[in-house]
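Participant: mind folding the following:
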Amino acid sequence: MRGELGVVLEQRNGPDGGRRRRGKVAAMAAMSAGRRRVDAGDIPGALRLFGKAVAIDPNCAQAYLYRAGLRLLHGDLDGALDDFRAIPFLDHSFLPAYRDLTTLSAEEFPQLISAAESAVKQDPDCAWALVFRAFCFRSLMKYEDAIKDLNHAVAVAPRSPALWAIRSRVKLTNRQAFYNGVRDMEKAVALAPDWGWLQCWLGEALRHQGQHRRALAALDRGLELEPGYLRGWAWRGGVKNALRDYRGAIADLGRSLDWDPIYSYDFEYTYDQKSWAYNQRQIARRGLGDVRGALRDLNRAHRYGPRYAWTFSRDGRPDEYASGVAELDSYLRKSPKDAWAWAWRGWTLHQAQRDDESIVSLNRAVDLNRSASWPRAWRGKVLLAQGKFAASVSDLSWALRVDPDYAPAWGWRAQARRRMGDLRRAAADFGRAIREDHRAAWALAGRGEARRGLGDLDGSLADLDRALGILPDYAEALGWRAETRRLRGDAAGALVDAQRALKLRPGLSLVYVTRALLRGQVRDFQGQVRDMRTARRLSPELFAGGGS
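Facilitator: Modelled structure (predicted):
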């Protein structure tokens, strides 16, 4: 496969393609080593390695963007601006990494926002400094601020296809601006119809829009122009799934998964991206009746994207869960000793809130494969749902000894410990879940709730703010933030959060209690009584022994 890609790159790059390909691989290797230095906290060492990448490949937009961010962290504002100002003059037609919105993350480095603001203040019309700040806002889910910066960048350079494409990508992530984002991508393609990555991005936008035939045509064109774009192959596999061309989907998804990203210059085709492709391939395998192969691909998908499961139901529809269980039951009649089939059956039953049946299936999975951590972790989660907290902690602790990188298990054990009143260890477990998956809003919210119980109101508010930045409509987190704000004396902010939480989910009894206390502060006693009566009706156990 590498030999085939070498031919493609040589054809693309001209007579000296082989030498240039080796140069690109060396640049990617330097950046990869630089990323490891960032993870180790060695910013000066990382700067040297990204500088080496620029020297090897002076046309690599990714190296300039990442080095600019490192320079901002290092206090070298002039150097960062030099990098931002160089980017417009690079060749943006072939796999520049900014397409994937890859820079340092403001979640990991909060000081990036103020540093990026300094760069924009010094040069307000530097388009790529604006892009960088927009990336920082986007990583914090502040889409309106990000789009405002990208609007400015596009106004500065309205003939730049790359800037139109980047603004489109951010709009497409923010579902409220989705259709406007598709129009931006169409504008980018009109400006540069021969850029393969733009055609692929347009295809992905159209796939989300449900225009699968148009998406397929755009992806065909993009991959003809740029056959080394791994995400393009994955996206086309997803389109073929939607069109029920399962064999074609498997071929495309296999191509995206088998190549080494460093040879495709798609440096950021990471595990998170691959998890989506593995999940799409398991869907295709199921379409062809290959349940065994689908189970193996689903395990790979779940390893790096724990949101992937055998059954996904946007609305929690019982018939969708029942269909998933029936599919596994049919397979288990022929393969009764497949532990993973029993495990996924158990997890699907739990998603359907059929926990007694789930436990039976997960017990079978654990008996068949005593060394596997996930079935034991999933059983711990079901025990948590059943209120068996000590047994839950036992299963989850065993699973974490075997697989300490499995983020959900840390969060589930934290929830069990919180329910047992062990708030300090719960907060620590939530913290480990966040380190393993820094975008886990539920773990951030859980730690915020635990911190409030420990009296750390500032830490609680910071965690809840982050959780709601990731999931703005997270009703429970809004309710917890309402109570934290009430305790901090911010009655107005607390009331806004409580109202919104109850609008999203009217059954949150404790939020009625919070709102009742807030209404009492402003002497709205009738409203206070109504809220307390509603809370009592929803959760009478909260008022046991409390009289009338």
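Participant: only C-alpha atoms from now on, for both contacts and neighbour counts.
Facilitator: Noted.
Participant: hmm, who's touching the helix or strand containing His350?
Facilitator: In this structure, His350 sits in helix 339-351 according to DSSP states H and E. Contacts of helix 339-351 with the rest of the structure, by CA atoms under 8 Å, 6 or more residues apart in numbering, involve 295, 309-311, 321, 324-325, 328-329, 332, 355, 357-362, 364-366, 368-369, 375, 378, 382.
Participant: kindly report the same for stretch 120-137.
Facilitator: Residues from elsewhere that reach stretch 120-137 (CA under 8 Å, 6+ apart): 65, 81, 84-85, 87-88, 101-106, 112-113, 116-117, 119, 143, 145-147, 149-150, 152-154, 156-157.
Participant: quick revisit: convert the helix holding His350 to CSV, retaining C-alpha atoms only.
Facilitator: These are the backbone C-alpha positions of helix 339-351, laid out as CSV (Å, rounded to 0.1, in the frame of the first residue of the first chain):
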residue,chain,number,x,y,z
ALA,A,339,-18.3,-13.2,24.6
TRP,A,340,-18.5,-9.9,22.8
ALA,A,341,-21.9,-10.6,21.3
TRP,A,342,-23.2,-11.3,24.8
ALA,A,343,-21.4,-8.1,26.1
TRP,A,344,-22.9,-5.8,23.4
ARG,A,345,-26.3,-7.5,23.9
GLY,A,346,-26.1,-6.6,27.6
TRP,A,347,-25.1,-3.0,26.9
THR,A,348,-27.9,-2.6,24.4
LEU,A,349,-30.4,-3.9,26.9
HIS,A,350,-29.1,-1.4,29.4
GLN,A,351,-29.5,1.4,26.9
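Participant: after that helix, next one along is what?
Facilitator: Per DSSP H and E, the first helix or strand lying C-terminal to helix 339-351 is helix 355-368.
Participant: quick check: which ranges of the stretch 151-300 of the chain have low pLDDT?
Facilitator: Where the stretch 151-300 of the chain drops to pLDDT under 70, the residues are 174-179, 259-272.
Participant: all helices of it, in order?
Facilitator: 161-173, 178-191, 196-209, 212-225, 230-242, 246-258, 261-264, 271-287, 291-304 (DSSP state H, counting those that start in this stretch).
Participant: which among these is found nearest to Arg519?
Facilitator: helix 161-173 (37.7 Å; CA to CA).
Participant: between helix 178-191 and the closest one, find me the angle.
Facilitator: On the basis of axes from the mean of the first three to the mean of the last three CA atoms, to 10 degrees, helix 161-173 is oriented at 160 degrees to helix 178-191.
Participant: buried stuff in helix 161-173?
Facilitator: 161-172 (16 or more other CA atoms under 10 Å).
Participant: now render the residues you listed as JSON lines, adding distance to Ala26.
Facilitator: Output for these, formatted as JSON lines (distance: CA to CA, whole Å):
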{"residue": "Pro161", "distance to Ala26": "28"}
{"residue": "Ala162", "distance to Ala26": "25"}
{"residue": "Leu163", "distance to Ala26": "27"}
{"residue": "Trp164", "distance to Ala26": "30"}
{"residue": "Ala165", "distance to Ala26": "28"}
{"residue": "Ile166", "distance to Ala26": "27"}
{"residue": "Arg167", "distance to Ala26": "30"}
{"residue": "Ser168", "distance to Ala26": "31"}
{"residue": "Arg169", "distance to Ala26": "29"}
{"residue": "Val170", "distance to Ala26": "30"}
{"residue": "Lys171", "distance to Ala26": "34"}
{"residue": "Leu172", "distance to Ala26": "33"}
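Participant: which one of the residues you listed is nearest to Lys52?
Facilitator: For the buried residues of helix 161-173, the nearest to Lys52 is Ala162 (24.8 Å; CA to CA).
Participant: out of the helices of the stretch 151-300 of the chain, nearest to Phe389?
Facilitator: Taking the helices of the stretch 151-300 of the chain one by one with CA to CA, helix 291-304 is closest: 24.9 Å.
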